[in-house]
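Participant: Here's my sequence, what's the structure:
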Amino acid sequence: MKVLVTGGFGWTARSIIEALHINNFEIVVFDISSKIPSYLNEITSNIITGNISTLEDVKRAMTGCDYVIHLAVAIGENDYKQPDVPFDVNVKGTYNILEIARELNVKKTIIMSEAPVHINFKEDKIFSQTDWQSSSGEDHLYDLTKRLQESIAKDFSETFGMNIIVLRPGHIVDGKEHIDPLGNSLEDLKYCKGGWVCRYDIAKACISALKMESPTTYNTFHLIGSYQAKKQFDISRTEEVLDMKFDNTFENY
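Facilitator: You can find the predicted model right below:
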């Protein structure tokens, strides 16, 4: 089975691509960058550069694929100083992915969204799979475009009968190397403490979501490994339905 991974040159994508390779999926990697990570050359020759906000580029990448894992996202502080980039990537890019997936009859699309682990909320607040809360601070544009991304996905699923799974990770770190995406030690990391998820557990969730036998439907799952998250997010549902356990629960943090 062939899987398209968008945003495939990124830090989070590596663990997912390696897990796909181990599980014998044929992999197509799509990214806007021209800097191809060296490890990819050992995994796949299907590497396509293009723009997620250009429909023709998306179709060129997705043609012949059975599944899609949509990771492409506007990242970096400068991307969110003006709305053009996040709306082009997070919103229009998601529309493009789903429109082409519909046209090409892709079997299942997995979209990487976010869990609101950076929000200050009441300790007794319990977030279900359908709850959403955006930041009123500097993260609002990011949150807004992610919320729109999920609305687009739900519409495509309900309107066209598409099988779409939205994964909502917390703050993504590396629980094996004990670092964040910038290489900082988790010992020193305060951001979203209690809301972390290891990128290797995200990879495990992606494999489970791909293999899960489910009717044509729309589903969302919180992905937060930190033991504290069990009190406020429906993590038990994620583990039950996706038939997985989080290896990294960050008990020492």
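Participant: Show me where this structure has its strands.
Facilitator: If you assign secondary structure with DSSP state E, the strands in the chain sit at 2-6, 26-31, 47-49, 67-70, 108-112, 164-169, 171-173, 196-198, 218-223.
Participant: Take these and write them to CSV, including distance to residue 95 and mean pLDDT.
Facilitator: In short, each C-beta sits where N, CA and C put it, glycine included. Output for the strands of the chain, formatted as CSV (distance: least, C-beta to C-beta, whole Å; pLDDT from 0 to 100):
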stretch, distance to residue 95, mean pLDDT
strand 2-6, 13, 98
strand 26-31, 16, 98
strand 47-49, 19, 97
strand 67-70, 11, 98
strand 108-112, 11, 98
strand 164-169, 13, 97
strand 171-173, 24, 96
strand 196-198, 26, 98
strand 218-223, 16, 96
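Participant: Is it possible to get TSV of those that adds distance to residue 238 and mean neighbour count?
Facilitator: Listed next are the strands of the chain as TSV, based on distance: least, C-beta to C-beta, whole Å; neighbours: other C-beta atoms under 10 Å:
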stretch	distance to residue 238	mean neighbour count
strand 2-6	21	25
strand 26-31	24	23
strand 47-49	31	16
strand 67-70	17	26
strand 108-112	14	24
strand 164-169	9	25
strand 171-173	15	22
strand 196-198	10	28
strand 218-223	4	22
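Participant: could I get these as TSV with distance to residue 85?
Facilitator: Written out in TSV, the entries for those read as follows (distance: least, C-beta to C-beta, whole Å):
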stretch	distance to residue 85
strand 2-6	16
strand 26-31	15
strand 47-49	18
strand 67-70	17
strand 108-112	18
strand 164-169	21
strand 171-173	20
strand 196-198	25
strand 218-223	25
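Participant: Look up how far residue 10 lies from residue 40.
Facilitator: Noted for residue 40: a distance of 11 Å to residue 10, by C-beta to C-beta, to the nearest Å.
Participant: got it, and residue 54?
Facilitator: As it turns out, when the distance is counted by C-beta to C-beta, residue 54 lies 19 Å from residue 10.
Participant: ok, now residue 45?
Facilitator: In this structure, residue 45 and residue 10 are separated by 19 Å, where distance is defined by C-beta to C-beta.
Participant: which of these two has more neighbours?
Facilitator: Neighbours of residue 45 and residue 10, each counted by other C-beta atoms under 10 Å, are more numerous for residue 10; the result is 20 against 9.
Participant: For the nearest residue to the more buried one once chain neighbours are set aside, list the residues it contacts.
Facilitator: The shortest distance from residue 10 to any non-neighbouring residue, by C-beta to C-beta, 6 or more residues apart in numbering, is to residue 71 (6.3 Å). Counting by C-beta atoms under 8 Å, 6 or more residues apart in numbering, residue 71 touches 5, 6, 7, 8, 10, 12, 13, 16, 112.
Participant: Would you mind giving both backbone torsions of residue 71?
Facilitator: Geometry field for residue 71 lists phi and psi as phi -110, psi -20, criterion degrees, to the nearest 10.
Participant: Kindly report the same for the one 10 residues further on.
Facilitator: Its backbone dihedrals place residue 81 at phi -80, psi -20, with angles given as degrees, to the nearest 10.
Participant: quick one: contacts for residue 88?
Facilitator: Contacts of residue 88 were listed using C-beta under 8 Å, 6+ apart, and they are 53, 74.
Participant: if I look at it, how far off is residue 78?
Facilitator: Between residue 88 and residue 78 the distance, using C-beta to C-beta, works out to 14 Å.
Participant: Give me the contacts around stretch 222-240.
Facilitator: 115, 117, 121, 123, 125-129, 167-170, 175, 193-198, 201-202, 205, 221, 244-251, 253.
Participant: Off-centre distance for that stretch?
Facilitator: 16 Å (C-alpha atoms, centre = their mean, to the nearest Å).
Participant: nearest residue to the residue nearest the centre of the chain other than its sequence neighbours?
Facilitator: The residue lying closest to the centre of the chain (C-alpha atoms, centre = their mean) is residue 112, at 2.0 Å. Counting by C-beta to C-beta, 6+ apart, residue 112 lies nearest to residue 71, which is 5.0 Å off, once chain neighbours are set aside.
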